[in-house]
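A.B. asks: the amino acid sequence is not available; the structure is as follows:
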C-alpha cells in the first residue's frame, strides 16, 4: 500500500469518526486502554529484577556485571 493510499484511508476513517460521536468515543476508549496498558508494561519492564543472593560478594555488594 502506498503512502497516498494510506492517507486516503485515514481521511475516510476520520470522516466517519467525525460523523459518529459514538464511534469516536469507542475509539477514544480503546486507545486510552491501549496506551494505559503499554505504560503499565513499560513500568513493569523498568522495575529492577531481584538478584540471586548467591551472586553477592562477601561484603554484601552485588556483583557489578549483573547490573550491566
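C.D. replies: Perfect, thanks for sending it. Source: prediction; values computed, not measured. Numbers count the residues shown, from 1 in each chain.
A.B. asks: and residue 39, that's in a strand?
C.D. replies: No. Using DSSP: H, G, I helix; E, B strand; the rest coil, the assignment for residue 39 is helix, not a strand.
A.B. asks: for it, grab the count of nearby residues.
C.D. replies: For residue 39, the neighbour count with other C-beta atoms under 10 Å is 10. C-beta coordinates here come from the backbone N, C-alpha and C atoms, glycine included.
A.B. asks: flag the shaky bits of the chain, pLDDT-wise.
C.D. replies: Counting by pLDDT under 70, the ranges of the chain that qualify are 45-68.
A.B. asks: where do the helices of it begin and end?
C.D. replies: For the chain, applying DSSP state H gives helices covering 3-19, 21-46.
A.B. asks: elements contacting the first one?
C.D. replies: Contact partners of helix 3-19 among helices and strands, from 3 or more C-beta pairs under 8 Å, 6 or more residues apart in numbering; DSSP states H and E: helix 21-46.
A.B. asks: what angle do the helix it packs on and helix 3-19 make?
C.D. replies: Angle, helix 21-46 to helix 3-19, by axes from the mean of the first three to the mean of the last three C-alpha atoms, to 10 degrees: 120 degrees.
A.B. asks: check contacts around residue 24.
C.D. replies: Applying C-beta atoms under 8 Å, 6 or more residues apart in numbering, one finds that residue 24 lies in contact with 17-18.
A.B. asks: against residue 40, how distant is it?
C.D. replies: 25 Å (C-beta to C-beta, to the nearest Å).
A.B. asks: and for residue 32?
C.D. replies: 13 Å.
A.B. asks: what of residue 10?
C.D. replies: 28 Å.
A.B. asks: same deal with residue 30?
C.D. replies: From residue 30 to residue 40 the distance is 16 Å (C-beta to C-beta).
A.B. asks: can you check residue 4 too?
C.D. replies: Distance of residue 4 to residue 40, given as C-beta to C-beta: 36 Å.
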